[in-house]
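>>> Need coordinates for the below:
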Amino acid sequence: MDPVERLRGVFMRTLGLPEGAAVDGLEYRSIPQWDSLAHMSLVAAMEDEFDIMIDTDDVLDMSSFTKATALLVKHGVPVPAR
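Sure thing, here's the model as predicted:
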């Protein structure tokens, strides 16, 4: 499965979103489900899914799905160009 699809799955599972929910445009705190506690759960789920370690600065900077995708690229996950 493509890494972006895997990331979408991480977002949907962690935030408790329904199957097929549009996550590409999500931003931190733009929906009630993405609060500070869910943010930390999301980071942990990304680390598990992609076998990466996200540092504190990146945790704080990851304020959208788009930034989460860029974070994967930073960690060497091959994300296809959109």
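
>>> got the contact list for residue 69?
4, 7, 79 (CB atoms under 8 Å, 6 or more residues apart in numbering). C-beta here means a position set from N, CA and C on the backbone, and glycine is covered the same way.

>>> Residues contacting the helix or strand encompassing the first one, please?
Secondary structure assignment for residue 4, by DSSP states H and E: helix 3-15. Contact with helix 3-15 is made by 17-19, 21, 23-24, 26, 31, 33-34, 38, 41-42, 45-46, 49-50, 65, 68-69, 72, 77-80, 82, as judged by CB under 8 Å, 6+ apart.

>>> Can you turn the buried part of the residues you listed into a PyMOL selection?
Selection of the buried residues among the contacts of helix 3-15 in PyMOL, burial being defined by 16 or more other CB atoms under 10 Å:
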select buried, resi 17+23+26+34+38+41+42+45+46+49+50+65+68+69+72+77
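
>>> Now, the contacts of helix 3-15 that are in helices?
Judged by DSSP state H, the subset of the contacts of helix 3-15 located in helices is 38, 41, 42, 45, 46, 49, 50, 65, 68, 69, 72.
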